[in-house]
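Student: Predicted model follows, preceded by the sequence.
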Amino acid sequence: MKLSHMHGYIAALLQVIFFILFCIFARYHPDADARQHPLPQNATKTETQMVKYKSDDVWAHTKSYPMFQDVQVMIFAGIGFLMTYLKRYGFSAVGLNFMVAALSVQWAILVNGFFHLKYGTIFIDLTSLLGAEFTAATVLISFGVLLGKTTPTQLIIMTIIEVPLFVVNEIIGRTYFGAVDMGDSMFVHTFAAYYGLALSLMLYRPDASTKKEGSSYVSDIFAMIGTLFLWVYWPSFNGAAAPGDDQHRAIINTYISLIACCFSCFALSSLIHKDKKFDMVHVQNSTLAGGVAVGTVADLMIHPWGALLIGILGGTISVLGYTYVSPFLASRFRIHDSCGVHNLHGMPGILAGIIGCVAAALATEATYGPSLYEIFPARAPPEGSPDLERLQQLLPDLQAGSGRTAASQAGSQIITLGITIVISIAGGLVTGLILRLKPFAALKTDELYEDSKYWVLEENEEEEEYEEVRLKSIVNIPMDTSAENGTSK
Amino acid sequence: MKLSHMHGYIAALLQVIFFILFCIFARYHPDADARQHPLPQNATKTETQMVKYKSDDVWAHTKSYPMFQDVQVMIFAGIGFLMTYLKRYGFSAVGLNFMVAALSVQWAILVNGFFHLKYGTIFIDLTSLLGAEFTAATVLISFGVLLGKTTPTQLIIMTIIEVPLFVVNEIIGRTYFGAVDMGDSMFVHTFAAYYGLALSLMLYRPDASTKKEGSSYVSDIFAMIGTLFLWVYWPSFNGAAAPGDDQHRAIINTYISLIACCFSCFALSSLIHKDKKFDMVHVQNSTLAGGVAVGTVADLMIHPWGALLIGILGGTISVLGYTYVSPFLASRFRIHDSCGVHNLHGMPGILAGIIGCVAAALATEATYGPSLYEIFPARAPPEGSPDLERLQQLLPDLQAGSGRTAASQAGSQIITLGITIVISIAGGLVTGLILRLKPFAALKTDELYEDSKYWVLEENEEEEEYEEVRLKSIVNIPMDTSAENGTSK
Amino acid sequence: MKLSHMHGYIAALLQVIFFILFCIFARYHPDADARQHPLPQNATKTETQMVKYKSDDVWAHTKSYPMFQDVQVMIFAGIGFLMTYLKRYGFSAVGLNFMVAALSVQWAILVNGFFHLKYGTIFIDLTSLLGAEFTAATVLISFGVLLGKTTPTQLIIMTIIEVPLFVVNEIIGRTYFGAVDMGDSMFVHTFAAYYGLALSLMLYRPDASTKKEGSSYVSDIFAMIGTLFLWVYWPSFNGAAAPGDDQHRAIINTYISLIACCFSCFALSSLIHKDKKFDMVHVQNSTLAGGVAVGTVADLMIHPWGALLIGILGGTISVLGYTYVSPFLASRFRIHDSCGVHNLHGMPGILAGIIGCVAAALATEATYGPSLYEIFPARAPPEGSPDLERLQQLLPDLQAGSGRTAASQAGSQIITLGITIVISIAGGLVTGLILRLKPFAALKTDELYEDSKYWVLEENEEEEEYEEVRLKSIVNIPMDTSAENGTSK
């Protein structure tokens, strides 16, 4: 059998490997462990240490659970349905999205866990599951570039490679460079887009634009299910990990950016069309760009007008991208981008990174109060500084930082953006080199954007037969079909 | 270019104006501001005052966030999909709903803010965004009356006019007459319905009922997405703004009203049909009337049986409205109501207002305890009364009222209902006079209920060509179409 | 008129009866009652006692409200859309689901209430509504077995019979045998499946498999709306009733089980197909089996690897069930199962019960700490035991139990599973005997899986006429149809 039909075996094997790794490494975080304070009397030293992790507030996790669920809806229903816009690829869009998400989440729990092992253990709580969700989002965004052009086997291999790259890149940015990126516009959106685009470049085929690469009236409405749930729940995506008033601000900023983005998209979509018509591609995708563009600075003091402006910019870039950049990339750079991920996640993600740099450069204690040093921990004064003592009187939990300046923080932001682009493109190219190897067996032209190769479509024969009978009756070829002429959809 | 194709320019201009107004007026509410207690040392007097607004509980906003998100789903996915029932107007239903909502929200933040300026500033927090949502709901309900019969330009102008009228009417009712209306059945539903109906009267055209004004099998199922999310999340709509046990009661009352309404609608829908068949129009719309009918009294002590009865009444009125009242309005009063808004929001909204009057007349301290004076603040005893002292021992935060009687409160409720109807009808008539001006260029008959005028429908040519090939092959006109005969949906 | 068209009358009658019973019995729970502490001075003795029920934390209910709403979405949108997979039964799937849910909830509030009367009163709060939701889920799962094969009248009668049986069975298991079943895998899923299957056996008809018993491309995508919302919100179903860290664990376990189940289903669905294709039936249904299989032990210390393994087992059983067991049941046992409920709820439910037995047998204080006795209250030491004193120093609220051993608890679990199966099958057989009585008038063969008998389908004539015109034009029968050839979906 060809590798292109081996996805069942590969998936089964991976599931077994995940099970073994969960057995060895995964344990409940103490917050989710039934062995509460006080400890059982036969507590080992390790258990005593573990209990220190336990939050005082046993209900703390429920505070973030509704936002976690919003993100879940975005990943599974939102992204899944957004991609059903292709007229003959609906099963794959919503189905393969489901499969890849379930794979990504398991693999992300493990890979994230390996990079943050404590006592040789991966501790699982709602926060680690949320982290896995963000990783899954990354993989699914990259999938959007390749929609309709890969086999399930290729998608599985891509996932296995992309997840560790994502984790490494995020650790470099957050831990080593101290970059902030509350809504993950750099770590998720930018990374996912350029990884996918580089991969698409390597898998380039001149026949990628076929008649099937289009939507139908019904498939475009299905896609709006995805758009609207993504749009509505995006403030949860950008704010789920933020504490206290930062979260309130992340919600407000994301919301304002999205409404301005949405309305701007409608304006621009109409303005650039010769007959002033709206284009569903913009409504489905570009209306979301405001959520990406505001992501990095979602929790910062960008002010409502700043959020509004970012939304307008995000929407504008995205609509122009669909109209001018995507065709250019396809024709000049041989990069075919099925969903226009570059316009929804790529360019708005870079915009977000640049805005993050500017916002970091402008951040002062006058604007943020002492919470400046909570939001940018590296800017906190160093150990022993009298300034640190002053601040710790206001914020007892504040930790010493490295006394970084605003300019230095801004530099870290832009370096992180650059590293993200480099790692994602390099990773995408290497992944593409692997996936174009002969055993992976690329799809034939008429298998592109087409469910029938990998999905049971029982209806076909039956439906066609039924149609034929009905049509013949209509054009007066005598035949008794009265009973069948009911609801013909 | 005609005004009917100017929507892109108008929208772009509005977005720029909104940006300028946000720059001048909009700031974060102190709860969402990073400058926490303690104040920076260089605090101005104004800043010191502002901090007084900051809630003690910095997490307070997250308590209402899940309900806020439920309402968001209702506005964007719920109302949007509910209106996709028209067979050739799906893009417009879900798309223009999206556009109008994004416009309404921005405009409502500003207009609401102008009426509640503090220090010349519009303070933005989750509560002000929630208020903007309710305003958007109002505009979208009015849109339902006109569905399929307006140009985007007309919708934009309508929004710009309706939002301030809504705000003024609500301030008159709530502030000047002290009316209570927890679920906004008067201020949102009744207002929206009669504004839209009056507008529809002015835009009357004898050719409004065309063949395209119908549903298809698939579009009716799409509409059910809207119905079910509206139905499920309605308790959040009616309860989002309620405090403490009032919120618990608002949830219970709305829920019970909805289940009784739903079941009654199925019963009645079948009973009034000659073959005892169910009608999707009733299932999609009338099942929601219980949420409207119970809105004004959602937080009051109406008892579970009261909620159940209100649900039955709401559903009954709505089903009968679709069957008897709508055709009558159309033929006698020349009011064409695309979605039957009068049956879902108009009559149930008036019912809600009347029930609110009755419930206010019956409210006593024996039934409500001291919380009577929190729910009806005007009924609290006036300053200096010994009764006020007694109550303040029980409820330290209680403010002096005007010692209003139950009858007087009931009067205020019914006056508020009357004013709402008058303002909405007058506003709708004036708006209609404007929108029928010649530059707005009404749609031609075959452009009614039809996406193609304002939406790019790429599929048309391609799809028809493909269909033609397939059909010819079926009826035995020789041609090679084997590769194309896959999934024909 | 035949009983098969009496559903409108029966429903109206039931709604009136429910109203009367609500008047007599239903009151707000003190938590939702406006008469707060302190009591009005004229408080009766009963009122004084009632107030004791009032929670100290007036916001307590909002903590569970988001989970309650998730369950609501599952019941109304999730199950409803999951069943829209049939190509000509979409109105009935989503519509009758809506009707039966609204009926079940009202009836369940009353029946549950009658079994837990206090002061002759049914107290209504969010918890009692949540209980009614679970009961409704049970009825709707049974409906899945019979989808497309019953009249509305039969469904209503089934609901009236099944709800009390469900309540009695749950009381036997929970109260008399002290069985634990956090996610209701035994009480909801197993019960519902075998009740429905037994009923289906009694209603067996040899012509149950018709051409209409299939999906279309579009109906399969509609069904995925149901699948994805069920899948995403399932942790809320399994965790809604759990306290403290138990809830956190229930969320984690359910989530991990579901992701492993989902990925395993894709693997296996492909592996067992001759061309290695995925089957939508598995993707729509079997991916959810992990939520059922982990239900009984969702809050127990099964460890992340245990949850993962349960997910794999659940998914595997379900896919194999669709492939091998369902055809076998239909041919050998004359049990026709429209949605394959046996594979999603039946076998995974039994698996859950057995896993619950094993987990109970293995539960020790070393693994659970003192919370063992909160999770398995019967295992708490009896009154007067010195062990109880020790434990009450750690957990002041702990109540005395019967000092049950782990083995005895395991026995109670398996006995409860057995009783559930016996009661459900017996109940289903009796219900079936009733529903096959002549007055109920079974559907004719061509009325199976067909909306047109019970739903107004206005489109038919119009749509067909339009199609005819269009087709004739395409095959060159001269006619002017230019205006009509727009959006042809």
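Tutor: On my side now, so go ahead.

Student: Next one: the residue nearest to the spatial centre of chain A relative to chain C, how far apart?
Tutor: The centre of chain A sits closest to residue A:137, judged by C-alpha atoms, centre = their mean, with a distance of 2.8 Å. Residue A:137 sits 14 Å away from chain C, going by C-beta to the nearest C-beta, to the nearest Å. Quick note: C-beta positions are derived from backbone N, CA and C, even for glycine.

Student: Make sure that residue is actually in contact with residue A:191.
Tutor: No. At 10.5 Å, residue A:137 does not count as touching residue A:191 under the criterion of C-beta atoms under 8 Å.

Student: so what's residue A:449 scoring on pLDDT?
Tutor: At residue A:449, the model reports a pLDDT of 96.

Student: As a check, name the ranges of all helices in the stretch 101-250 of chain A.
Tutor: Residue ranges of the helices in the stretch 101-250 of chain A, as given by DSSP state H, counting those that start in this stretch, are A:126-146, A:152-171, A:191-202, A:217-239, A:244-271.

Student: Now render the ones you listed as CSV, adding mean pLDDT.
Tutor: Shown next, in CSV, are the helices of the stretch 101-250 of chain A (pLDDT from 0 to 100):
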stretch, mean pLDDT
helix A:126-146, 96
helix A:152-171, 97
helix A:191-202, 98
helix A:217-239, 97
helix A:244-271, 95
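
Student: Of all those helices, which one comes closest to chain B?
Tutor: When the helices of the stretch 101-250 of chain A are ranked by proximity to chain B, the top entry is helix A:244-271, at 3.5 Å, counting by C-beta to the nearest C-beta.

Student: How about the closest one and chain B, any contact?
Tutor: Yes. Counting by C-beta under 8 Å from any C-beta of the partner chain, chain B has neighbours in helix A:244-271: A:244-249, A:251-252, A:255-256, A:258-260, A:262-264, A:266-271.

Student: Pull the contacting residues for the nearest residue to residue A:101 once chain neighbours are set aside.
Tutor: Closest residue in space to residue A:101, ignoring its immediate chain neighbours: residue A:136 at 4.8 Å, by C-beta to C-beta, 6 or more residues apart in numbering or on different chains. With contact set as C-beta atoms under 8 Å, 6 or more residues apart in numbering or on different chains, residue A:136 has these partners: A:75, A:100, A:101, A:104, A:105, A:108.

Student: Switch these over to a markdown table; also include neighbour count.
Tutor: A markdown table is the format used below for the contacts of residue A:136 (neighbours: other C-beta atoms under 10 Å in any protein chain shown):
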| residue | neighbour count |
| --- | --- |
| A:75 | 26 |
| A:100 | 24 |
| A:101 | 26 |
| A:104 | 28 |
| A:105 | 28 |
| A:108 | 26 |
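
Student: Closest to chain B out of those?
Tutor: residue A:75 (16.0 Å).

Student: shouldn't the closest one be in contact with residue A:133?
Tutor: Yes. Contact criterion C-beta under 8 Å: residue A:75 and residue A:133 qualify, at 5.8 Å.

Student: Weed out the non-buried ones from the residues of helix A:244-271 next to chain B.
Tutor: A:244-249, A:251-252, A:255-256, A:258-260, A:262-264, A:266-270 (16 or more other C-beta atoms under 10 Å in any protein chain shown).

Student: burial count for residue A:408?
Tutor: Applying other C-beta atoms under 10 Å in any protein chain shown, we find 16 other residues in the vicinity of residue A:408.

Student: What strand or helix carries it?
Tutor: helix A:406-435 (DSSP states H and E).

Student: What residues sit buried inside that helix?
Tutor: Neighbour-count burial for helix A:406-435 [16+ other C-beta under 10 Å]: A:406, A:408-417, A:419-421, A:423-425, A:427-428, A:431-432, A:435.

Student: go on, stretch A:175-188?
Tutor: A:177, A:178, A:179, A:180, A:181, A:182, A:183, A:184, A:185, A:186, A:187, A:188.

Student: near chain B at all, that stretch?
Tutor: No. Taking C-beta under 8 Å from any C-beta as the criterion, stretch A:175-188 and chain B are apart, separated by no less than 12.8 Å.

Student: what's downstream of the helix or strand of chain A with the lowest mean pLDDT, the next helix or strand?
Tutor: Between all helices and strands in chain A, the lowest mean by mean pLDDT, DSSP states H and E belongs to helix A:45-51, at a mean of 52. The helix or strand immediately downstream of helix A:45-51 is helix A:60-73, counting by DSSP H and E.

Student: any bit of the next helix or strand after that next one sitting next to chain B?
Tutor: Later in the chain than helix A:60-73, the nearest helix or strand by DSSP H and E is helix A:80-82. No. Helix A:80-82 does not reach chain B (C-beta under 8 Å from any C-beta); its nearest approach is 10.6 Å.

Student: Show me what helix A:80-82 is packed up against.
Tutor: helix A:90-115, helix A:217-239, helix C:217-239 (3 or more C-beta pairs under 8 Å, 6 or more residues apart in numbering or on different chains; DSSP states H and E).

Student: What is the neighbour count of residue A:364?
Tutor: Neighbours around residue A:364, by other C-beta under 10 Å: 12.

Student: If you could redo that for residue A:449, that was the one I meant.
Tutor: 23.

Student: what helix or strand is it on?
Tutor: Judged by DSSP H and E, residue A:449 forms part of no helix or strand.

Student: Residue A:397: neighbour count?
Tutor: The burial count for residue A:397: 6, using other C-beta under 10 Å.

Student: Next one: the closest residue to residue A:427 other than its chain neighbours from residue C:222, what distance?
Tutor: Nearest non-adjacent residue to residue A:427, counting by C-beta to C-beta, 6+ apart: residue A:165, 4.3 Å away. Distance from residue A:165 to residue C:222, counting by C-beta to C-beta, to the nearest Å: 36 Å.

Student: Residue A:242 versus residue A:290, what's the distance?
Tutor: 18 Å.

Student: Between the two, which has more neighbouring residues?
Tutor: Per other C-beta under 10 Å, whichever of residue A:290 and residue A:242 has more neighbours is residue A:290, with 35 against 20.
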